[in-house]
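[1] Following is a predicted model, sequence given first.
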Amino acid sequence: MPSLALVAPPDLPPEQIIRVAQTAESGGIDELWFWEDCFASSGLGPAAAALAATARIKVGIGLLPVPLRAPTLTAMEIATLARMFPGRFRPGLGHGVRDWMKQAGVAVGSPLTLLREHTTTINALLAGETVTYAGRYVALDQVRLRWPPEAFPDLLIGGRGPKTLALAGELSAGAILDDVAPAGVPDLDRMRDAVETVRAARRDAGRQGSPEIVAILPVPGGTSTDELRDRLAALGSAGATTVTAVAEFVDGPPAGDDRVFALAEQLAEIGGK
């Protein structure tokens with residue numbers, strides 16, 4: 001069974017976040033994840049609050065859209081949380097939804113190039129290097145973090161297309177997959193293809209070890225605990241190291257409030273520690 005995670009979705013009012021985090025931890029759930037959907041809650045503020053309100057549970061963000069931030073700021077924020085809560089913070093980077101990026105006025109001509117430049121420079125800054133970089137979108141002049149993390153955090157990349165998944169394997173700890181369980185039913189062929197793309201790129205880059213694979217599993221209302229257990233196990237057998245479960249209405253978007261707490265109870269019953 002992969003690590004089990006609960007998603008605190010953007011539909012959840014921010015004032016409920018600490019309660020959700022403490023519920024997840026008390027139920028023995030491994031991880032709590034946030035999404036940075038425009039234009040709801042941010043990712044880093046809730047992650048910091050959840051980490052501070054708990055003692056054990058890991059907290060991830062899947063994901064931070066790179067067009068919204070300068071890489072120096074992203075690296076500073078990640079480094080700060082990684083030092084404050086060693087081994088518990090799992091940040092993810094990604095393109096962001098194209099329409100939202102246009103709406104926010106930050107869309108670029110080559111999202112893949114932007115993501116590569118951000119990931120490359122953020123990795124170097126988190127490693128404590130002094131970074132000078134001149135790219136298509138990113139330009140840094142002798143930038144060095146004053147407080148780099150003492151232990152390098154799992155920096156992940158979220159995406160769907162093969163080029164983005166290959167970038168995840170090449171430059172990051174692994175991938176966040178949000179399209180491997182449409183309508184809450186695992187598509188194992190799609191899952192295995194995505195995992196192999198990430199693994200192959202990691203091998204080609206000469207990197208050792210296996211990538212982290214975080215799979216997002218929508219859980220429609222009415223899903224039984226047995227059904228949920230089977231779907232979690234299926235994604236794990238196809239390569240997921242972590243499955244993040246998100247409560248959804250039967251026919252629509254992520255659900256807030258009661259459904260999130262009900263899903264937390266199901267996850268605790270399945271694999272709470």
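    Alright, I've got the coordinates.
[2] and the nearest residue to Arg190 once chain neighbours are set aside, what element?
    What sits nearest to Arg190 in space, not counting adjacent residues and going by CB to CB, 6 or more residues apart in numbering, is Val180, at 5.3 Å. All C-beta atoms are positioned from the backbone trio N, CA, C, and that covers glycine. Val180 belongs to no helix or strand when assigned by DSSP states H and E.
[3] pretty sure Val180 is touching Asp189, no?
    No: using CB atoms under 8 Å, Val180 is not in contact with Asp189; the gap is 9.5 Å.
[4] quick one: stretch 219-238 to chain centroid distance?
    20 Å (CA atoms, centre = their mean, to the nearest Å).
[5] buried residues in it?
    Neighbour-count burial for stretch 219-238 flags 219-220, 223, 228-229, 231-236, 238 (criterion: 16 or more other CB atoms under 10 Å).
[6] ok, of these, which one's closest to Ala47?
    Nearest to Ala47 among the buried residues of stretch 219-238 is Val219, at 21.5 Å by CB to CB.
[7] Quick one: low-confidence residue ranges for the stretch 151-273 of the chain.
    Residues of the stretch 151-273 of the chain meeting the criterion pLDDT under 70: 249-256, 272-273.
[8] Val180 and Asp189 - which one has more neighbours?
    Shown here are Val180 and Asp189; by other CB atoms under 10 Å, Val180 has more neighbours (25 against 10).
[9] Now for the spatially closest residue to Leu232 that is not a sequence neighbour: which residues touch it?
    Nearest residue to Leu232 in three dimensions, chain neighbours excluded: Val243, at 5.1 Å (CB to CB, 6+ apart). Val243 makes contact with 2-5, 214-217, 232, 235-236 under the criterion CB atoms under 8 Å, 6 or more residues apart in numbering.
[10] And Asp179, by the same measure?
    Going by CB under 8 Å, 6+ apart, Asp179 touches 160, 190.
[11] before we move on, which element is the residue nearest to Leu232 in?
    According to DSSP H and E, Val243 maps onto strand 242-248.
[12] which element follows that strand toward the C-terminus?
    helix 258-271.
[13] Which parts of that following helix count as buried, going by neighbours?
    Across helix 258-271, burial judged by 16+ other CB under 10 Å covers 259-261, 263-264, 266-268, 270-271.
[14] What are the boundaries of the strands in the stretch 101-250 of the chain?
    For the stretch 101-250 of the chain, the strands defined by DSSP state E, counting those that start in this stretch occupy 131-134, 139-143, 156-158, 174-177, 212-220, 242-248.
[15] Pull out the buried positions in the second one.
    Residues 140, 143 are the ones in strand 139-143 that count as buried (16+ other CB under 10 Å).
[16] Not counting it itself, show me its contacts.
    Strand 139-143 is contacted by residues 71-72, 121, 125, 130-133 when judged by CB under 8 Å, 6+ apart.
[17] who wins for neighbours among these?
    Pro71 (26 neighbours).
[18] What distance do you get for the residue nearest to Leu232 to Leu93?
    Per CB to CB, to the nearest Å, Val243 is found 20 Å from Leu93.
[19] one step back: run the angle between the strand holding Val243 and helix 258-271 for me.
    Interaxial angle of strand 242-248 relative to helix 258-271 (axes from the mean of the first three to the mean of the last three CA atoms, to 10 degrees): 150 degrees.
[20] Let me know the angle separating strand 242-248 from strand 212-220.
    Strand 242-248 runs at 20 degrees relative to strand 212-220, counting by the same axes, to 10 degrees.
[21] Give the buried residues for strand 242-248.
    For strand 242-248, by 16+ other CB under 10 Å, it's 242-248.
[22] cool, stretch 10-22 as well?
    Under the neighbour-count criterion of 16+ other CB under 10 Å, stretch 10-22 has 10-12, 17, 20-22 buried.
[23] Flag the least confident of those.
    pLDDT across those is lowest for Asp11, at 84.
[24] pLDDT below threshold where in the stretch 1-150 of the chain?
    By pLDDT under 70, the stretch 1-150 of the chain contains no weakly predicted segment.
[25] now stretch 233-251, how far from the chain's geometric center?
    On the basis of CA atoms, centre = their mean, stretch 233-251 sits 13 Å off its chain's mean C-alpha point.
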